[in-house]
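*Asks:* compute the structure for the input listed below.
(chains A, B and C)
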Amino acid sequence: MPELPEVETIKGDLQKKIKGKKIKNVVINIEKILKKPSLKEFVSKVKNRIIQEINRRGKYIIINLDSGEKLIIHLGMTGLLIYPIDQKSMANIIPKHNHLIITFTDDNQLVFNDVRRFGKVYLVCDINEVEGVAKLGIEPLDENFTKEIFIRMIRKKKNKIKSLLIKQEFITGLGNIYANEVLHRSNIHPLRVASSFTDEEIGKLFQGIKSVLSEAVEFRGSTVADEAYRDTDGEKGKFAERLQVYARGGKNCFKCGSTIEVIKIEGRSTFFCPQCQKL
DNA sequence: AGGGGTACCTGCGGGC
DNA sequence: TGCCCGCAGGTACCCC
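*Replies:* Predicted structure coming up:
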């Protein structure tokens, strides 16, 4: 589910809500989501710890504990972090998918709920102990991600641009929704080969990445139709109504009125306007 | 290198 | 109504 804007929203919420709290107890209902260490070690190392800064790297949430260890959570496709658990925040959430529950000393609870169980939880000293984190590419909203660097990155690649944008080792944080949206905003066809781009096209793509992602963060992510993503209060993201192509196959392009097409690239639905995004 | 397939899971909607 | 299929915001691992 969640791509950079959704994960960034959750990170910001947690930073406001749980920083400084002390963990009284932790329960894991489905052991499979815990990748390291063992359940026993995890519980004993997390109990009585105090939450410090909350960070984000790509689509991973990193919760620093006062022991120096880091609780790292990847939300997979359908993972949610809800805090605090109450009737309102859990209104649309099925409690049988509550896989990890952290209870703080004030008795408020943080829950990790994940219908499809693709989410993952780790407790490590160094974030690079998580293979998925160690190999992540550049952060697109970071100020050291510049147009000049992006030009150098794109030049040498022979991938289809859509494949490249969702490759986390290349740029981290874009997934299927935002890669589609970025390409539409930049007027670039998803099958274009990266090495064929002019500097001007790379510049447009660069602006598209920065602007789509920062607007989506501002609108607290996308909850498409009635699908899974919620913030920590159980509220929907508001960027979905601004999506131009994602999940709009067969509908009219808002810019030019042409019919939005759907193709598969590496097994994933790819939406584009054939008029605005020519090959 | 880059592309493609499969697997991991549950739930939903469409077609018959 | 039920059943089967394909689809879903992600990633890892396999093969070519």
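*Asks:* from here on, just use CA atoms for contacts and neighbour counts.
*Replies:* Fine.
*Asks:* residue A:235: neighbour count?
*Replies:* Applying other C-alpha atoms under 10 Å, we find 17 residues neighbouring residue A:235.
*Asks:* near the closest residue to it other than its chain neighbours, how many other residues are there?
*Replies:* Closest residue to residue A:235 apart from its sequence neighbours, by C-alpha to C-alpha, 6 or more residues apart in numbering: residue A:89 at 7.5 Å. A count of neighbours around residue A:89, defined by other C-alpha under 10 Å, yields 17.
*Asks:* so which bits of chain A are right by DNA strand C?
*Replies:* Contact residues, chain A versus DNA strand C (C-alpha under 7 Å from any atom of the strand): A:1-3, A:59, A:76-78, A:118, A:131-132, A:166, A:168, A:174-177, A:221-229, A:268-269.
*Asks:* where along the stretch 151-279 of chain A do the strands fall?
*Replies:* Taking DSSP state E, counting those that start in this stretch, the strands of the stretch 151-279 of chain A run over residues A:261-265, A:268-272.
*Asks:* which parts of the last one are buried?
*Replies:* Using 16 or more other C-alpha atoms under 10 Å as the test for burial, strand A:268-272 gives A:269-272.
*Asks:* give me the residues contacting the biggest helix by length in chain A.
*Replies:* Across chain A, the longest stretch assigned as helix under DSSP state H is helix A:199-218. Helix A:199-218 has contacts (C-alpha atoms under 8 Å, 6 or more residues apart in numbering) with A:4-6, A:8-9, A:140-141, A:147, A:150-151, A:154, A:178, A:181-183, A:185-186, A:188, A:222, A:239.
*Asks:* now do that helix, average pLDDT.
*Replies:* For helix A:199-218, mean pLDDT is 98.
*Asks:* give me the distance from that helix to the chain's centre.
*Replies:* Here helix A:199-218 is found 17 Å from its chain centre; the criterion is C-alpha atoms, centre = their mean, to the nearest Å.
*Asks:* could you export it as PDB, CA atoms only?
*Replies:* Provided in PDB are the C-alpha atoms of helix A:199-218 (Å, rounded to 0.1, in the frame of the first residue of the first chain):
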ATOM      1  CA  ASP A 199      18.200  16.900 -20.300                       C
ATOM      2  CA  GLU A 200      15.000  18.800 -20.700                       C
ATOM      3  CA  GLU A 201      12.900  15.700 -20.300                       C
ATOM      4  CA  ILE A 202      14.900  14.600 -17.300                       C
ATOM      5  CA  GLY A 203      14.300  18.100 -15.800                       C
ATOM      6  CA  LYS A 204      10.600  17.700 -16.300                       C
ATOM      7  CA  LEU A 205      10.700  14.300 -14.700                       C
ATOM      8  CA  PHE A 206      12.700  15.600 -11.800                       C
ATOM      9  CA  GLN A 207      10.200  18.400 -11.200                       C
ATOM     10  CA  GLY A 208       7.400  15.800 -11.500                       C
ATOM     11  CA  ILE A 209       8.900  13.600  -8.800                       C
ATOM     12  CA  LYS A 210       9.400  16.500  -6.400                       C
ATOM     13  CA  SER A 211       6.100  18.100  -6.900                       C
ATOM     14  CA  VAL A 212       3.900  15.000  -6.900                       C
ATOM     15  CA  LEU A 213       5.500  13.600  -3.800                       C
ATOM     16  CA  SER A 214       5.500  16.900  -1.800                       C
ATOM     17  CA  GLU A 215       1.800  17.600  -2.700                       C
ATOM     18  CA  ALA A 216       0.900  14.000  -1.800                       C
ATOM     19  CA  VAL A 217       2.600  14.400   1.600                       C
ATOM     20  CA  GLU A 218       0.800  17.700   2.100                       C
END
